[in-house]
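Chemist: need coordinates for the following:
(2 chains)
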Protein chains: 2
Amino acid sequence: MQGTPLVKPAGMTTRQARLQPRLIVHTGDGKGKSTAAFGLALRGWNQGWSIGVYQFVKSKSWRTGEKNAYEALDQVHRETGVGGPVEWHAMGAGWTWLRSTDTTDHAAMARAGWEKVCEQMAAQTHDLYILDEFSYVLANGWLDADEVLATLAERPGTQHVVMTGRRMPQTMIDAADVATEMTKLKHPFDKGEKGQAGIEW
Amino acid sequence: MQGTPLVKPAGMTTRQARLQPRLIVHTGDGKGKSTAAFGLALRGWNQGWSIGVYQFVKSKSWRTGEKNAYEALDQVHRETGVGGPVEWHAMGAGWTWLRSTDTTDHAAMARAGWEKVCEQMAAQTHDLYILDEFSYVLANGWLDADEVLATLAERPGTQHVVMTGRRMPQTMIDAADVATEMTKLKHPFDKGEKGQAGIEW
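Modeler: Sure, this is the predicted structure:
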């Protein structure tokens, strides 16, 4: 159950207090980190937000369900004006705007993705950015957390960012406005069971 | 990063092993319990599943973003055949199929909601049921966890159930196939900050 506290920061109107850019972190070894990010984006979509999804792990098949659903929502927006636009960028597909890049150089690919995020943030392209599996980029040293934080700190306007992934660096958690740890209490893979279509992908 | 283990239960074909009904629990004091359930349902929608959402806490305004997005996805399904149908039942609205019920009697309302779930499960109406904030119903003693588990154990076919909410009874976690605890590491409400449209609702 979510509530809304009555206190607002001194010197801010209620409207201003409701337009603070958020950095949201989902980490931990449990399920639901990315899933909750894609659930959250439904609210943004409903607000008419422009949503940018960046998948920072190389794979063509992951998040097919979420991607197809958001493509449908993007189309609803384009056809009816309801909701907001959704742009989906996948490192696994070689980042569509980088047709000639060597997709086996993960560090270069990660950096290219981040540069695109920086470019879009500077232009205030989206209201919400989902940086999916971003912790891997940081954990692998492909990007420097302090550099990322400096860019985020300077982002103009009210651009929200959700980053997901296990072992998120503590500096990122410290900088976050909202940080949640998903902990596995129980999982059928532990018993050697198979993944279920519609549940795991 | 999710993987799929190679082991499958003895005596099952791969197809059978991929069609096991799941009971999924999202609990804990952190954000993302319901959000992850609504993110998960995007995958089901993409599989063409029929999705039934039951909001077990009385409120008209909560989950507006998710509800509107799923109404859009339901309409996409009805118009184009893509994805699956979505049915949304809210206790806060008095359960639409119960027009004359006293909505102030929460116990009776909760039981009426659960009876509708039982009826739909017996008829295999949906592939995925989201029982949102269901732990409150159990914690308040409006429904008995053992009775719920007995019904779930007998549900026919491959009907998946996700239940969310703080302080989920341990018996429910024990019975679950997947259980995740969402733990708050950090939240701006702790600092007295205001909720953000598109983020908190």
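Chemist: how close does the residue nearest the centre of chain A sit to chain B?
Modeler: Using CA atoms, centre = their mean, the residue of chain A that lies closest to the mean C-alpha position is A:Ile130, 1.6 Å off. From A:Ile130 over to chain B the distance is 11 Å, taken as CB to the nearest CB, to the nearest Å. The C-beta positions use only the backbone N, C-alpha and C, and glycine is treated the same way.
Chemist: and A:Leu73, by the same measure?
Modeler: 6 Å.
Chemist: is that residue in contact with A:Gly83, as I believe?
Modeler: Yes - A:Leu73 lies in contact with A:Gly83 (CB atoms under 8 Å); the separation is 5.8 Å.
Chemist: if we can go back for a sec, you'd agree the residue nearest to the centre of chain A is in a strand?
Modeler: Yes - A:Ile130 forms part of a strand when assessed by DSSP: H, G, I helix; E, B strand; the rest coil.
Chemist: hmm, back to that, list residues touching both of A:Leu73 and A:Gly83?
Modeler: Common contact partners of A:Leu73 and A:Gly83 (CB atoms under 8 Å, 6 or more residues apart in numbering or on different chains): A:Trp45, B:Ala69, B:Ala72.
Chemist: out of those, name the ones that lie in helices.
Modeler: The helices, defined by DSSP state H, take in A:Trp45, B:Ala69, B:Ala72 from these.
Chemist: who touches the second one in this structure?
Modeler: Just to be clear, that refers to B:Ala69. A:Leu42, A:Arg43, A:Trp45, A:Asn46, A:Leu73, A:Gly83.
Chemist: any chance you could map the strands in chain A?
Modeler: A:23-27, A:51-55, A:86-90, A:128-132, A:160-164, A:178-186 (DSSP state E).
Chemist: what is the second one packed up against?
Modeler: Secondary-structure packing of strand A:51-55 (3 or more CB pairs under 8 Å, 6 or more residues apart in numbering or on different chains; DSSP states H and E): helix A:33-46, helix A:64-80, strand A:86-90, helix A:106-122, strand A:128-132.
Chemist: among these, which comes closest to B:Asp144?
Modeler: Closest approach to B:Asp144 among the helices and strands packed on strand A:51-55 (CB to CB): helix A:33-46, 29.4 Å.
Chemist: right, is that closest one up against chain B?
Modeler: Yes - with CB under 8 Å from any CB of the partner chain as the measure, helix A:33-46 is seen reaching chain B through A:Ser34, A:Thr35, A:Ala36, A:Ala37, A:Phe38, A:Gly39, A:Leu40, A:Leu42, A:Arg43, A:Gly44, A:Trp45, A:Asn46.
Chemist: what pLDDT is listed against the residue nearest to the fourth one when sequence neighbours are not counted?
Modeler: So that's A:Ala37. Leaving aside its sequence neighbours, A:Ala37 sits nearest to A:Val162 (CB to CB, 6 or more residues apart in numbering or on different chains; 4.6 Å). Per-residue pLDDT puts A:Val162 at 98.
Chemist: check the one 3 residues further on too.
Modeler: Taken from the predicted model, the pLDDT recorded for A:Gly165 is 95.
Chemist: show me the contacts for the residue lying closest to it once chain neighbours are set aside.
Modeler: Leaving aside its sequence neighbours, A:Gly165 sits nearest to A:Ser135 (CB to CB, 6+ apart; 2.9 Å). When contacts are counted by CB under 8 Å, 6+ apart, A:Ser135 touches A:Thr27, A:Met163, A:Thr164, A:Gly165, A:Arg166, A:Arg167, A:Met168, A:Pro169, A:Met172.
Chemist: for A:Ala37, same thing?
Modeler: A:Ala37 neighbours (CB under 8 Å, 6+ apart): A:Ile24, A:His26, A:Ile130, A:Asp132, A:Val162, A:Thr164, B:Gly39.
Chemist: and of the residues you listed, the nearest to A:Asp105?
Modeler: For these, the nearest to A:Asp105 is A:Asp132 (19.7 Å; CB to CB).
Chemist: okay, and the beta partners of that closest one?
Modeler: Under DSSP bridges, the beta-bridge partners of A:Asp132 are A:Gln55.
Chemist: report the contact partners of it.
Modeler: A:Ser34, A:Ala37, A:Val53, A:Tyr54, A:Gln55, A:Phe56, A:Val57, A:Arg63, A:Thr164, A:Gly165.
Chemist: tell me how far it lies from B:Pro169.
Modeler: Distance, A:Asp132 to B:Pro169, using CB to CB, to the nearest Å: 33 Å.
Chemist: same deal with A:Ala37?
Modeler: Counting by CB to CB - A:Ala37 and B:Pro169 are separated by 28 Å.
Chemist: over to A:Asp29?
Modeler: Separation of A:Asp29 from B:Pro169 (CB to CB) stands at 23 Å.
Chemist: which one's more surrounded, the two?
Modeler: B:Pro169 (18 against 13; other CB atoms under 10 Å in any protein chain shown).
Chemist: now, among the ones in helices among the shared contacts of A:Leu73 and A:Gly83, which is nearest to B:Gln20?
Modeler: The nearest member of those to B:Gln20, counting by CB to CB, is B:Ala69 at 28.1 Å.
Chemist: got the contact list for the closest residue to that closest one other than its chain neighbours?
Modeler: Using CB to CB, 6+ apart and skipping residues adjacent in sequence, the residue nearest B:Ala69 is A:Leu42, 4.0 Å away. If a contact means CB under 8 Å, 6+ apart, then A:Leu42 has B:Phe38, B:Gly39, B:Gly65, B:Glu66, B:Ala69, B:Tyr70 as its contacts.
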